[in-house]
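Enquirer: got a sequence here, can you build the structure:
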Amino acid sequence: MYVPGSTPAHRLDPRAKLAVQVAFALAAFAHTTPRGLVVATGVVAACLWAARTPPWEALDELRLLVPFLLAGPLVETVVLGPPWLAPEQAVAPALASYRTLLVVLVAAAYVRTTPTRESQAALQWFVPGKPGRALGLCVGLVARYLTVLRADLRRTRTAMRARLGDQLPVRERMRIVAVTGLGRVFDRSDRLALAMRARCLSWNPTLPRLRLGRADAVALALATALLAWAVAPLVASTGPLVWPLA
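Expert: Numbering: from 1, shown residues only. As a prediction, the model looks like this:
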């Protein structure tokens, strides 16, 4: 969720931050080795430092994703038959899970330091025309919709605990949260549809003007270096080009 601030990452152009995010994802998937992930971890640490986001706060935002990342290596460790456990089979899934975690941490730093309107303007700059406007509109609606839905669910759980609902069985608590949450979803959807019709499907049509500054040059240089690092294995595998003699 976006948090207002004046950190170096907040002052960057959203297009530069998107370039770093995409280049980092490509580099992380191209170098799923211990050495490559060590370098990627350093890049993630730099991104979190620029966003002034402690790792534990970013992980707290991703607490629902962490169990799934841990489940992959654990499942691969168990085999159906003697010796029943094969730790060596968990190495590749563990590296892949850690790579995914690094990519999501960079995305969390972006979301934490970039307003929705700036993200929408950046997407419409990358994809011009009606497709870009439709993509920007979808991203803006999803970002705003998920925020209010999370707040609704949080208020529902707080109200349930205030009424000693935390003493109910787990199944009953899940039922209460699910039913109340679905009711809030339908209510929010109706109000959102009314607002979109009132605005003729236009949500914040006047977007902020994007300008690249000196600090963005550093981010673009980092994105270029990450992209070159991602392409390096592909270039090395193809070998040097040999031009036929005339």
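Enquirer: measure the residue nearest the centre of the chain to residue 69 for me?
Expert: For the chain, the residue nearest the mean C-alpha position is residue 107 (3.6 Å; C-alpha atoms, centre = their mean). The spacing between residue 107 and residue 69, counted by C-beta to C-beta, to the nearest Å, is 14 Å. In this view, the C-beta of every residue, glycine as well, is placed from N, C-alpha and C.
Enquirer: picking that back up, residues contacting the residue nearest to the centre of the chain?
Expert: Residue 107 makes contact with residue 21 under the criterion C-beta atoms under 8 Å, 6 or more residues apart in numbering.
Enquirer: mind redoing it with 6 Å?
Expert: Contacts for residue 107 (C-beta atoms under 6 Å, 6 or more residues apart in numbering) come out as none.
Enquirer: repeat for residue 40
Expert: Neighbouring residues of residue 40 by C-beta under 6 Å, 6+ apart: 28, 102.
Enquirer: state the distance from it to residue 31.
Expert: Counting by C-beta to C-beta, the gap from residue 40 to residue 31 is 7 Å.
Enquirer: mean confidence score for the helix ranked longest in the chain?
Expert: The longest helix of the chain (DSSP state H) is helix 129-162. Per-residue pLDDT over helix 129-162 has a mean of 78.
Enquirer: if we can go back for a sec, so which bits of the helix or strand where the residue nearest to the centre of the chain lies are buried?
Expert: Element membership for residue 107, per DSSP states H and E: helix 91-113. Judged by neighbour count (16 or more other C-beta atoms under 10 Å), helix 91-113 contains these buried residues: 93-95, 97-113.
Enquirer: domain assignment for this protein?
Expert: Listed by automatic domain parsing, the domain ranges of the chain are 1-115+208-235, 126-207.
Enquirer: looking at these, which is buried most?
Expert: Among the domains of the chain, domain 1-115+208-235 has the highest mean neighbour count (mean count of other C-beta atoms under 10 Å), at a mean of 16.
Enquirer: how far off centre is it?
Expert: Distance of domain 1-115+208-235 from the chain centroid (C-alpha atoms, centre = their mean, to the nearest Å) equals 9 Å.
Enquirer: stretch 163-178 too?
Expert: The chain centroid and the centroid of stretch 163-178 are separated by 30 Å, computed with C-alpha atoms, centre = their mean.
Enquirer: list of residues touching that stretch?
Expert: Residues contacting stretch 163-178 (C-beta under 6 Å, 6+ apart): 156, 160.
Enquirer: change it to 7 Å
Expert: Stretch 163-178 is contacted by residues 153, 156, 157, 160 when judged by C-beta atoms under 7 Å, 6 or more residues apart in numbering.
Enquirer: mind checking how far the residue nearest to the centre of the chain is from residue 47?
Expert: 10 Å.
Enquirer: quick one on the thing from earlier: compute the inter-axis angle for the helix holding residue 107 and helix 129-162.
Expert: Helix 91-113 runs at 90 degrees relative to helix 129-162, counting by axes from the mean of the first three to the mean of the last three C-alpha atoms, to 10 degrees.
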